[in-house]
Structures are given as structure tokens and as C-alpha cells.
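> Prediction below, plus the sequence it came from.
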Amino acid sequence: MIFSTPALAQTLESDSFSNPSEYVLEIGEHEYSISYTVNANVIAMAIDPESKSLLIGLDKTYDSQFFIGLEHDLINAENNDFIILVDGEEVDYQITFDSERSAFEFFVPVGSEEVEIIGTHVIPEFPIGAVFGFIVMISFVMLFAKMKPSFFKL
């Protein structure tokens, strides 16, 4: 008997993973389509602007290779020096990239719950409430400056 195991491969030109899944990450009014393949349930993805990373929550994980493609607009690193943590432990990875996106391949062991891909730049996340508050504050400063209230006079 001859047994063969299928090889999972990914090239940016064809954008082909072996049976890829897709996660749509919404940041503000922009949507990022993230293709991935892993033998686990991806329960959530989020950008952490403070640590400049993409967080991925996993459930029911089995030993497998994790393939994921990310746009440079979403997360990027100088010289493509990313750090990938699986449950807080740094792992080795392979990366391929072109002018628009990077594709990563790394191993996730059984029971893994969190993957963190750390770069040097992530898309800024500006909550609409903070932007609105900033605009209101600037408007009040400009209004007070034009009115020249009496308490500003000496």
C-alpha cells in the first residue's frame, strides 16, 4: 500500500490555502478579509494598538500548521521582523510577502487558545466617540478665543 499525505502550501500569487476559511475584521468603516487555515475554531480576531499586534482566539485546537494572510495596511513590521506568540510562547514561522500582504505559516499545538502576531505598525483604531469629543473641544476653544470673555482681561 502506498500512503500519501497532502501538503499544505500557500503562494501569494494564487492566494490558495488548502480549504481556506475567512474572517472579516471590521475596524471603523473598513473591513479586512483575513484568509486562514488551521485545525481549530477561530473564535475571534482583534487588533491591539498598544502592543501593535493582531490577537486571534482559538478553540478546539489540534496539532496543526496555521496559515494566515494579512494585508500590510492591517499589520506590518520593519524588515518583516514579526514576533508570533502561541499561548504566550514565541514560535518560529515562515513568511512570504509581496507589496500588499504577508502570509505566515507556523505550528500550533493541541489545546492552544491564543495566537498573537506582533509587528511594528498596526492600523490605528480611532473610536468615533473620541474623534467627536476632540472636535467639540476644539470648537469650544475657538469659540472662547473669538468671544474674548471678560475673565481673560487683566
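Yep, that arrived. Numbers count the residues shown, from 1 in each chain.
> Is there a neighbour count for residue 115? I'd like the number.
27 (other CB atoms under 10 Å). Where you see a C-beta, it was placed from the backbone N, CA and C, and this is true even at glycine.
> Am I right that it is in a strand?
Yes - the assignment for residue 115 is a strand, going by DSSP: H, G, I helix; E, B strand; the rest coil.
> looking at it, it is touching residue 66, isn't it?
Yes - counting by CB atoms under 8 Å, residue 115 touches residue 66, with 6.8 Å between them.
> what's the weakest-modelled helix or strand in this structure?
Least confident helix or strand of the chain, by mean pLDDT, DSSP states H and E, is helix 128-147 with a mean of 60.
> and stretch 74-90, what's its mean pLDDT?
Stretch 74-90 shows a mean pLDDT of 92.
> Need the residues that contact it.
25, 27, 32, 34, 47, 52-54, 91, 93, 95, 97, 102, 104, 106-109, 112-123 (CB atoms under 8 Å, 6 or more residues apart in numbering).
> Send over it as CSV, restricted to the C-alpha atoms.
Extracted as CSV, the C-alpha positions of stretch 74-90 are listed here (Å, rounded to 0.1, in the frame of the first residue of the first chain):
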residue,chain,number,x,y,z
LEU,A,74,-3.6,45.9,8.8
ILE,A,75,-0.3,44.9,10.4
ASN,A,76,3.3,45.4,9.3
ALA,A,77,6.8,45.1,10.7
GLU,A,78,10.1,46.8,9.7
ASN,A,79,12.3,44.3,7.7
ASN,A,80,9.4,41.8,8.1
ASP,A,81,10.6,41.0,11.7
PHE,A,82,7.4,39.9,13.3
ILE,A,83,7.1,38.1,16.6
ILE,A,84,4.5,35.3,16.8
LEU,A,85,3.4,34.0,20.2
VAL,A,86,1.2,30.9,20.7
ASP,A,87,-0.2,30.9,24.2
GLY,A,88,2.5,33.4,25.2
GLU,A,89,5.4,31.3,23.9
GLU,A,90,7.4,32.6,20.9
